[in-house]
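Asker: Predicted coordinates and the sequence they were generated for:
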Amino acid sequence: MRASERPMLAFAQRSLNGDYRFGVKTEAKDRYGEVPAWAADVPSSRSPARPHRLEETHAMQTSSNDVAHWNKTRRLMFTHLVIWFFFGYVIHMFVKPLNSIIIPVLNFPLGFYMAAQGSLIAFVVMLFVFARQQDRIDREFGVAEDD
């Protein structure tokens, strides 16, 4: 056996010696045949404390408020993704035509400036704008985090 196979073999032996398969706990033993402390009192995935599947679905039903909140959040996210795509890719596709425009204050070509710094500045501004807009949406639907 090669040395590179030994760690994988040890990992496979550990996972075969003690884990949860199909909700039934198999006995975890170390190389001395003893059950380690971390494996002794672990409940199975089908313990009686776990609620029945039907009870879980009733508790997890969403209200119309949650649906409206998610729709507004999703619309905001996709809007910002489009803006991100514009500044991340589209601007850089048109660097050469934009270089014919000179920024008067900086005396830089616009294409060079947008490729070097403008997109990065737009991304940072977008982060703050997104956070503010998302906070507004959360407050509107009553799920805002406390300050």
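Answerer: Great, that's in hand.
Asker: And stretch 131-142, what's buried?
Answerer: Within stretch 131-142, the residues that count as buried by 16 or more other C-beta atoms under 10 Å are 134, 137. C-beta here means a position set from N, CA and C on the backbone, and glycine is covered the same way.
Asker: and for it, what are the contacting residues?
Answerer: 65-66, 68-69, 72-73, 76, 144-145 (C-beta atoms under 8 Å, 6 or more residues apart in numbering).
Asker: average pLDDT across it?
Answerer: The pLDDT scores in stretch 131-142 average 94.
Asker: can you check stretch 80-88 too?
Answerer: Regarding stretch 80-88, the rounded mean pLDDT is 95.
Asker: Narrow the contacts of stretch 131-142 to those in helices?
Answerer: Residues of these located in helices (DSSP state H): 65-66, 68-69, 72-73, 76.
Asker: Nearest to V129 among the residues you listed?
Answerer: L76 (9.9 Å; C-beta to C-beta).
Asker: Setting aside sequence neighbours, what's the nearest residue to the closest one?
Answerer: Nearest in space to L76, with sequence neighbours left out and distances taken as C-beta to C-beta, 6 or more residues apart in numbering, is Q133 at 5.7 Å.
Asker: so which strand or helix has the one you found?
Answerer: Applying DSSP states H and E as the criterion places Q133 in helix 119-140.
Asker: picking that back up, now render the ones in helices among the contacts of stretch 131-142 as CSV, adding pLDDT and distance to M126.
Answerer: Shown next, in CSV, are those (pLDDT from 0 to 100; distance: C-beta to C-beta, whole Å):
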residue, pLDDT, distance to M126
N65, 87, 27
D66, 89, 26
A68, 92, 24
H69, 93, 21
K72, 96, 18
T73, 96, 16
L76, 97, 11
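Asker: What degree of burial does V90 show, as a neighbour count?
Answerer: 10 (other C-beta atoms under 10 Å).
Asker: ok, it to L127 distance?
Answerer: As judged by C-beta to C-beta, to the nearest Å, V90 and L127 stand 19 Å apart.
Asker: what do you get for K72?
Answerer: Noted for K72: a distance of 19 Å to L127, by C-beta to C-beta.
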